[in-house]
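> just to be clear, the model below is a prediction. Sequence and coordinates:
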Amino acid sequence: MPFAEITDATIRTLVDRFYAKVRRDPVLGPIFERAIGDHWPEHLAKLGDFWSSVMLTSGRYKGNPMAAHAALAGIEPAMFERWLGMFAETAGELFAPAEAAAFRHKAERIAESLQLGLFFKPGALSARPA
């Protein structure tokens, strides 16, 4: 369902505002700074393309989010909840409730997929006694 408020320009505002918060966050900031360093402009442009592809089906994003996150040192499952909370807060500041909810829903699905790919180890599950 298309939303009039969700445009490439508003996505860019969301990405810029959200990652400014991430960079100041004492838990998430150091992870991103180690991974991105001095390449924030390029990274923000790539994230704008990612969210444009997700929300507007623009097809502009060309990348592999799973591989990118797998390469991050120090990432832990609990960090996803922190990221999601900050993302939802920022979307809520910028968009009407329906649009903010659409962003939240997509972000939650993406986070769930990344967490499964990064942390779910089927062989680590032990059989439960009957």
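The structure has been received and is ready for your questions.

> mind listing what's buried along the helix or strand hosting residue 98?
Using DSSP states H and E, residue 98 maps to helix 97-119. Neighbour-count burial for helix 97-119, counted by 16 or more other Cβ atoms under 10 Å, picks out 99-100, 102-104, 107, 110-111, 114-115, 118. Heads up, the C-betas are built off the backbone N, CA and C, glycines and all.

> check stretch 85-98 too.
Across stretch 85-98, burial judged by 16+ other Cβ under 10 Å covers 86-88, 90-91, 94-95.

> the bottom helix or strand of this protein by mean pLDDT?
The helix or strand of the chain with the poorest confidence is helix 65-70; it has a mean of 84 (mean pLDDT, DSSP states H and E).

> for residue 117, give its distance to residue 21.
Distance of residue 117 to residue 21, computed by Cβ to Cβ, to the nearest Å: 25 Å.

> pull the distance from the helix holding residue 98 to the chain's centre.
Offset of helix 97-119 from its chain centre (Cα atoms, centre = their mean, to the nearest Å): 7 Å.

> now do it: which elements does it pack against?
The helices and strands touching helix 97-119, judged by 3 or more Cβ pairs under 8 Å, 6 or more residues apart in numbering; DSSP states H and E, are helix 40-56, helix 65-70, helix 77-94.

> what residues are up against the closest residue to residue 92 other than its chain neighbours?
Leaving aside its sequence neighbours, residue 92 sits nearest to residue 100 (Cβ to Cβ, 6 or more residues apart in numbering; 4.6 Å). Neighbour list for residue 100: 88, 91-92, 94 [criterion: Cβ atoms under 8 Å, 6 or more residues apart in numbering].

> reformat the residues you listed as a markdown table; add distance to residue 14 and pLDDT.
Below are the contacts of residue 100 laid out as a markdown table (distance: Cβ to Cβ, whole Å; pLDDT from 0 to 100):
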| residue | distance to residue 14 | pLDDT |
| --- | --- | --- |
| 88 | 11 | 97 |
| 91 | 6 | 97 |
| 92 | 11 | 97 |
| 94 | 6 | 96 |
